[in-house]
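1. fold the following.
(2 chains)
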There are 2 protein chains.
Amino acid sequence: MAEKPSRGLADVVAASTALSDIDGRAGRLSYRGYDIHQLAGAASFEEIAYLLQRGAPPSRAELAGYREELAAGRATGALAAASLPAVARAQGPMAALRGLVSLAAADDPDAASNQPGPNQRKAARLTAQQPILIAAYEAERTGRAAPRADPELGLAANFLLQVTGQRPGPRTAEIFDTCLVLHADHTMNASTFAARVCAATLADMHSAVVAALGTLSGPLHGGANEQVMRGLEAIRNSAAGDPVDAVGDQVAARLRQGEKVMGFGHRVYKTEDPRATHLRRMSEELAGQGDDTYYRMSRRMEEVVLAEKGLYPNVDFYAATVYHYLGIPTDLFTPVFSASRMAGWTAHIIEQHADNRLIRPDSEYIGEHDLTWVPLDQR
Amino acid sequence: MAEKPSRGLADVVAASTALSDIDGRAGRLSYRGYDIHQLAGAASFEEIAYLLQRGAPPSRAELAGYREELAAGRATGALAAASLPAVARAQGPMAALRGLVSLAAADDPDAASNQPGPNQRKAARLTAQQPILIAAYEAERTGRAAPRADPELGLAANFLLQVTGQRPGPRTAEIFDTCLVLHADHTMNASTFAARVCAATLADMHSAVVAALGTLSGPLHGGANEQVMRGLEAIRNSAAGDPVDAVGDQVAARLRQGEKVMGFGHRVYKTEDPRATHLRRMSEELAGQGDDTYYRMSRRMEEVVLAEKGLYPNVDFYAATVYHYLGIPTDLFTPVFSASRMAGWTAHIIEQHADNRLIRPDSEYIGEHDLTWVPLDQR
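-> Sure thing, here's the model as predicted:
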């Protein structure tokens, strides 16, 4: 029989996975048994997407083949392309991506099959397609054509080139590549869980990815990095004196009034999120190449929140300034995150389809009982 | 700490709801405390949508106001309308609806707000819009214009008029209205749960409905009524003699080989699904107006499955022949179901937003541990 509800399913095991593991007390994250600290800076996003989607690190020949699949998958599809101009005019980036990925299913020859082979091919295509959709959206609304992808560059460098219009230097591309690696998977987060609930009805991969995109669009999940950046911008723009002092004072005052500060604390990690460690370092490095104000503001904010609340920065906090320094428009932070998480979503969908059971929980009924329906003409 | 996994979250309470309640042992279903047996045939779909979305049965004045909102909401929106011809050519009905509802968000003035007022207005618009999208899709692919809605008719009669091109008689409209009532909500089924997981990140109603549509598209959830009909058609078309005898023989043989038969058994009901009781009766009534072969085949199938497996028909089994007799194309069965369930989905989203907590379960890690990453050039 059903037990008392676990609100939000906290600590309820909803699925088994071999994709990623978190040790919240130790602050550890691993992908298929490889600690994220080993992977950050050492593995490319393509290697990690392959690892997640296909089960093991690729050999050099396998990676070359996978890169060819990605290159062939760099397309929006005809149906999505036809709608893109109107969508870019009418919808924000996350709503736009939700619809465009749905439309793009029409041009995927494997769309209807949940078998392992078609699912792996779709996963590669969706991983290649998401940066293209984001760049095409940005190009439409800014009115400048996205540069063509350079076959000499990896996915991260091409993504940055096409979204920002600027060809990144090798180190900048490497930093962005590491961001994509850090964001690729994170166990049963809300969007991944939504994708698995959807896939568990044997709905196809595109349906499950669209469900994940909608779920990520919520401010309690995907929007946090954008809100961090907008918060820093608002304080900097309104500060009379040093914005670093201003952020310290304002955040301390807000915390004492019981307000929440975005980018801190996590339901799973009880210590520093291991991804934050790398993102802080990269934010510092990029800050050192120009105006370091936002980085110094972030450091001060981190000190104040730790002192006042004992909370550590989560993945979203330093991702904000890193993405900002990389030239990514603030309202594309969540879309860019989605391009990375696409690797994990698709891997979870493959895993769900491979050993499926419908996900159908119970609910606790808290309403009235045994009411008598009064016909309309007597009401 | 996390406990052992409950595969598929069976018997795990994921949320509290005042919307619907199931007593699986007694075979009872109620909406906000009203037993479905009281509502079937006595309440219109509009009353039930209002009851679910707004909390209590409408007075006559409230119902008149709600009907006006529905009439004003009978539109696809400009963005969805522009894409509809190409979408109808390129995608099946459920994939099409997934994208069209996403696009339709662009034309909803309340799209971005999760507040109770805007959410209620959106719920009414989405409830009015779904039949219009389905009829427009059908019109596009068949090349005949959908008849205009008749302001004298209710939602069910207009829906049938616009999808089939035939004006239903009063009793036919009443039967379809009862179908919509029976399918309006059903606690934490997979698509409703997906909608709540999505909404719990404070994603907007359109995102959550799109997640639900994708989830419903899976054959373990929404596709069952279509598969029931296709199964009946296949047996009838291939039967050498009486198709009623053929269905009995074939189903018995399949069951003895361990195959599953669609439309029977339910994770929650241990006796007859109360919706099936009404659908069987309506199928019989409609069968009596013409060729009753499919109804008699269904009865025989029911007898065989009960005798061989002890399983009762679920909601999908007699919905198949009812929809067929109503002239609904078989591949629109799930879309038509979605138009009914839209009432429940939107009500659950309103309920989730009104008392929200992120739904973020745990997972059990079953992969390898502590592997060492070998750089690519050494692989």
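2. I'd say residue A:262 and residue A:229 touch.
-> No. Using Cβ atoms under 8 Å as the test, residue A:262 is too far from residue A:229 to be in contact (9.6 Å). Yep, even glycine has a C-beta here, placed from its N, CA and C like the rest.
3. between the two, who's got more neighbours?
-> residue A:229 (23 against 19; other Cβ atoms under 10 Å in any protein chain shown).
4. spell out which parts of the stretch 251-379 of chain A neighbour chain B.
-> Taking Cβ under 8 Å from any Cβ of the partner chain as the test, the list of the stretch 251-379 of chain A residues beside chain B reads A:267, A:357-377, A:379.
5. just the residues you listed: which are in helices?
-> Filtering these for membership in helices, criterion DSSP state H, returns an empty set.
6. just the buried ones from those residues?
-> Among these, those that count as buried by neighbour count (16 or more other Cβ atoms under 10 Å in any protein chain shown) are A:358-365, A:367, A:371, A:373, A:376.
7. the closest residue to residue A:317 other than its chain neighbours and chain B, how far apart?
-> Of all residues beyond its chain neighbours, the one nearest residue A:317 is residue A:263 (3.4 Å), with distances taken as Cβ to Cβ, 6 or more residues apart in numbering or on different chains. Distance, residue A:263 to chain B, by Cβ to the nearest Cβ, to the nearest Å: 16 Å.
8. so which of the residues of the stretch 251-379 of chain A next to chain B sit within strands?
-> Where those overlap with strands, as defined by DSSP state E, the overlap consists of A:362-365.
9. who's in contact with the nearest residue to residue A:62 once chain neighbours are set aside?
-> On the basis of Cβ to Cβ, 6+ apart, the spatially nearest residue to residue A:62 that is not a chain neighbour turns out to be residue A:50, at 6.9 Å. For residue A:50, the contacting residues are A:57-58, A:62-63, A:66, taking Cβ atoms under 8 Å, 6 or more residues apart in numbering or on different chains as the criterion.
10. pLDDT wise, what is residue A:267 at?
-> For residue A:267, the model assigns a pLDDT of 77.
11. quick one: contacts for it?
-> When contacts are counted by Cβ under 8 Å, 6+ apart, residue A:267 touches A:10, B:358, B:360.
12. repeat for residue A:125
-> Counting by Cβ under 8 Å, 6+ apart, residue A:125 touches A:69, A:73, A:108.
13. rewinding a little: now, which of the contacts of residue A:267 sits nearest residue A:16?
-> Sorting these by how near they are to residue A:16, with Cβ to Cβ, puts residue B:360 at the top with 16.6 Å.
14. can you get me a residue count around the closest residue to that closest one other than its chain neighbours?
-> The shortest distance from residue B:360 to any residue other than its chain neighbours is 5.3 Å, reached at residue A:190 (Cβ to Cβ, 6+ apart). By the measure other Cβ under 10 Å, the count of residues near residue A:190 is 25.
15. quick one, what contacts residue A:190?
-> The contact partners of residue A:190, by Cβ under 8 Å, 6+ apart, come to A:215-216, A:218, A:220-221, B:197-198, B:200-201, B:358-360.
16. how about 6 Å then?
-> Contact criterion Cβ atoms under 6 Å, 6 or more residues apart in numbering or on different chains gives A:215, A:221, B:201, B:360 as the residues in contact with residue A:190.
17. same deal with residue A:327?
-> The contact partners of residue A:327, by Cβ under 6 Å, 6+ apart, come to residue A:164.
18. make it 7 Å
-> A:164, A:166 (Cβ atoms under 7 Å, 6 or more residues apart in numbering or on different chains).
19. possible to save the contacts of residue A:50 as JSON lines with neighbour count, distance to residue A:41 and secondary structure?
-> As requested, these are arranged in JSON lines below (neighbours: other Cβ atoms under 10 Å in any protein chain shown; distance: Cβ to Cβ, whole Å; DSSP: H, G, I helix; E, B strand; the rest coil):
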{"residue": "A:57", "neighbour count": "21", "distance to residue A:41": "15", "secondary structure": "coil"}
{"residue": "A:58", "neighbour count": "19", "distance to residue A:41": "18", "secondary structure": "coil"}
{"residue": "A:62", "neighbour count": "15", "distance to residue A:41": "22", "secondary structure": "helix"}
{"residue": "A:63", "neighbour count": "17", "distance to residue A:41": "17", "secondary structure": "helix"}
{"residue": "A:66", "neighbour count": "21", "distance to residue A:41": "20", "secondary structure": "helix"}
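20. identify the farthest-apart pair in these.
-> A:57 and A:66 (11.1 Å).
21. what's the pLDDT at the closest residue to chain B within the stretch 1-150 of chain A?
-> Nearest residue of the stretch 1-150 of chain A to chain B: residue A:18, at 3.1 Å (Cβ to the nearest Cβ). At residue A:18, the model reports a pLDDT of 98.
22. skipping adjacent residues, who's closest to it in space?
-> Of all residues apart from its sequence neighbours, residue B:367 sits closest to residue A:18 (Cβ to Cβ, 6+ apart), at 3.1 Å.
23. okay, the one you found and residue A:17: tell me how far apart.
-> Summarising the geometry, the distance separating residue B:367 from residue A:17, computed by Cβ to Cβ, to the nearest Å, is 7 Å.
24. what's the end-to-end length of stretch A:302-321?
-> 13 Å (Cα to Cα, to the nearest Å).
25. what of stretch A:178-192?
-> 21 Å.
26. quick one, longest helix in chain A?
-> The helix that spans the most residues within chain A, counting by DSSP H, is helix A:116-142.
27. can the helix or strand following it be found next to chain B?
-> For helix A:116-142, the succeeding helix or strand toward the C-terminus, using DSSP states H and E, is helix A:155-164. No. Helix A:155-164 lies apart from chain B when judged by Cβ under 7 Å from any Cβ of the partner chain; the minimum separation is 14.8 Å.
28. pLDDT (mean, whole number) over helix A:155-164?
-> Average pLDDT, helix A:155-164: 98.
29. distance between the following helix or strand past it and the chain's centre?
-> For helix A:155-164, the following helix or strand on the C-terminal side (DSSP H and E) is helix A:170-182. Relative to its chain's centre, helix A:170-182 lies at 15 Å (Cα atoms, centre = their mean, to the nearest Å).
30. stretch A:219-231 now?
-> Here the centre of mass of C-alpha atoms in stretch A:219-231, compared against the chain's by Cα atoms, centre = their mean, lies 12 Å away.
31. next: stretch A:41-60.
-> Remark: stretch A:41-60 is offset 18 Å from the chain centroid, using Cα atoms, centre = their mean.
32. picking up where we left off before, max pairwise distance over the ones in strands among the residues of the stretch 251-379 of chain A next to chain B: which two?
-> Using Cβ to Cβ, the two most remote members of these are A:362 and A:365, lying 9.6 Å apart.
33. tell me the pLDDT of residue A:63.
-> Per-residue confidence for residue A:63 comes out at a pLDDT of 98.
34. just checking, it touches residue A:45?
-> No. The criterion here is Cβ atoms under 7 Å, and residue A:63 misses it with residue A:45 at 11.5 Å.
35. need the contact list for residue A:309.
-> Taking Cβ under 7 Å, 6+ apart as the contact definition, residue A:309 lies against residue A:255.
36. and which of the buried ones among the residues of the stretch 251-379 of chain A next to chain B is nearest to residue B:181?
-> Distance to residue B:181, by Cβ to Cβ, is smallest for residue A:373 among those, at 11.2 Å.
37. got the contact list for that closest one?
-> Under the criterion of Cβ under 7 Å, 6+ apart, the contact partners of residue A:373 comprise B:34, B:38-39, B:42-43.
38. could you give the number of residues near the residue nearest to residue A:317?
-> Counted with other Cβ under 10 Å, the neighbours of residue A:263 add up to 26.
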